[in-house]
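K.L.:
model the structure of this input:
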Amino acid sequence: MEPETLAGLFGFGGALVGAAVSTGAVIWQQRRTARETERTYLLGLSEAAANGVIQITYRMEDHYAGGVPRRETPEGSEWHADLKVLLRDLENEALRFPDSKTRRLVQWGHAEILRDPEGVAVQEGWEAPRYGSICIHFRTVMGTVLRREPFPDGIWAEFPGAWPPS
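P.N.:
Below is the predicted model of the structure:
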């Protein structure tokens, strides 16, 4: 083979290798950027949902603070309708959490209040009403979401049945 042909083949081979490396680097960078964009989106979604849950817990505590009127009365009907709106907002925020533990906890608390709205308002002795405990634990978990800390696993003791045993 002539030296000119050999030099041309080496040049062509170098161009192919350069093109392959360049294309590979671009694809890798695009995938990395896509993963980072997705991660940023999910963190923002979690942060917004956590702030929403915190605000709902304060509204819920205020709602319960006035007492729970009897369901048969007009005040009771209005009170339960307002609670239903709060619980719908809470459920809506729960759907935004990509973390299954956080989502499951909020959905469980939502169901607990929905199942027995009057029962969670009962105060036994020195123990706080159940709705207050649920709201405080929600804020504890939402704080870990906002600080990007691990989920506080000890929280499950306060919510028996909320998470399947491991």
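
K.L.:
low pLDDT regions in the protein?
P.N.:
125-127, 161-166 (pLDDT under 70).

K.L.:
quick one: the strands in it, in order.
P.N.:
Secondary structure of the chain (DSSP state E): no strands located.

K.L.:
in it, which residue is closest to the centre?
P.N.:
Nearest to the geometric centre of the chain sits Phe97, at 2.2 Å (Cα atoms, centre = their mean).

K.L.:
how about it: what's its closest non-neighbour residue?
P.N.:
Arg103 (4.1 Å; Cβ to Cβ, 6 or more residues apart in numbering). Backbone N, C-alpha and C define where each C-beta goes, glycine included.

K.L.:
and that neighbour, what does it touch?
P.N.:
Ala94, Leu95, Phe97 (Cβ atoms under 8 Å, 6 or more residues apart in numbering).

K.L.:
now these in JSON lines, with distance to Val120?
P.N.:
Rendered in JSON lines, the data for the contacts of Arg103 read as follows (distance: Cβ to Cβ, whole Å):
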{"residue": "Ala94", "distance to Val120": "17"}
{"residue": "Leu95", "distance to Val120": "22"}
{"residue": "Phe97", "distance to Val120": "22"}
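
K.L.:
of those residues, which belong to helices?
P.N.:
The subset of these located in helices under the criterion DSSP state H comprises Ala94.

K.L.:
out of the contacts of Arg103, which comes closest to Arg148?
P.N.:
Nearest to Arg148 among these, counting by Cβ to Cβ, is Phe97 at 13.3 Å.

K.L.:
so the closest one sits against Ala48, correct?
P.N.:
No: if you go by Cβ atoms under 8 Å, Phe97 and Ala48 don't touch, sitting 10.3 Å apart.

K.L.:
what are the phi and psi angles of Pro152?
P.N.:
Summarising the backbone geometry of Pro152 under the convention degrees, to the nearest 10, its torsions are phi -80, psi 100.

K.L.:
that one contacts Gly143, correct?
P.N.:
No: applying Cβ under 8 Å as the test, Pro152 and Gly143 come out as separate, 9.0 Å apart.
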